[in-house]
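**Student:** With the input below, show me the fold.
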Amino acid sequence: MILQWHEEFSVGVPELDKHHRHLIEILNALVTAVNEGNNLKIIAGLMTDLNEYTVYHFNAEEALFIKVQYPHVTQHIQEHQEFIDRLSRIDQLLQRDQHVAAAELEEMLISWIMNHILTSDRMYMSYLSH
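**Tutor:** Next comes the predicted model:
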């Protein structure tokens, strides 16, 4: 396992925390599958799961932002789109070079946790608690 959920990752919204936990699980499974050299069919299935669940999570988060009129919604949506774009690039890279893709996935997992959940998502914690 590359990364485990820690309570410090919590954004204070149980449903979104559940989503984040599941995204981490999928990313860990995907990185492990790539590192172990699993066949492309298994990896492609995990990549599909990750893409679909990411869109589901981002839609839920963005709907909440709109509902509470979160002032940084535009910036947050842009970060979500950048993540989706990066997933697409990694998906294409998986077809050419699994080792490079594995390194990209690991780096993305860590940077997403550190830069998005612990920074950007934390910005809405205090706003949603009002």
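**Student:** What segments of the protein are helices?
**Tutor:** Along the chain, counting by DSSP state H, helices occupy 14-35, 40-68, 73-96, 98-111, 122-128.
**Student:** Could you dump those helices into TSV with mean pLDDT added?
**Tutor:** Formatted as TSV, these follow (pLDDT from 0 to 100):
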stretch	mean pLDDT
helix 14-35	90
helix 40-68	91
helix 73-96	89
helix 98-111	78
helix 122-128	81
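**Student:** Switch the ones you listed over to a markdown table; also include mean neighbour count and distance to His6.
**Tutor:** For glycine as for every other residue, the C-beta is placed from the backbone atoms N, C-alpha and C. What follows is the helices of the chain, written out as a markdown table (neighbours: other C-beta atoms under 10 Å; distance: least, C-beta to C-beta, whole Å):
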| stretch | mean neighbour count | distance to His6 |
| --- | --- | --- |
| helix 14-35 | 18 | 10 |
| helix 40-68 | 15 | 18 |
| helix 73-96 | 14 | 20 |
| helix 98-111 | 17 | 13 |
| helix 122-128 | 14 | 14 |
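**Student:** In CSV: the ones you listed, plus distance to Trp5.
**Tutor:** Below are the helices of the chain laid out as CSV (distance: least, C-beta to C-beta, whole Å):
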stretch, distance to Trp5
helix 14-35, 5
helix 40-68, 14
helix 73-96, 18
helix 98-111, 12
helix 122-128, 15
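**Student:** Glu8 is nearest to which of these?
**Tutor:** Comparison of the helices of the chain against Glu8 by C-beta to C-beta identifies helix 122-128 as nearest, at 9.9 Å.
**Student:** Tell me the helices and strands packed up against the closest one.
**Tutor:** The contact analysis (3 or more C-beta pairs under 8 Å, 6 or more residues apart in numbering; DSSP states H and E) places helix 122-128 against helix 40-68.
**Student:** The helix it packs on packs against which elements?
**Tutor:** When contacts are defined as 3+ C-beta pairs under 8 Å, 6+ apart, helix 40-68 packs onto helix 14-35, helix 73-96, helix 122-128.
**Student:** Which of those helices sits closest to His116?
**Tutor:** His116 lies closest to helix 73-96 among the helices and strands packed on helix 40-68, at 6.2 Å (C-beta to C-beta).
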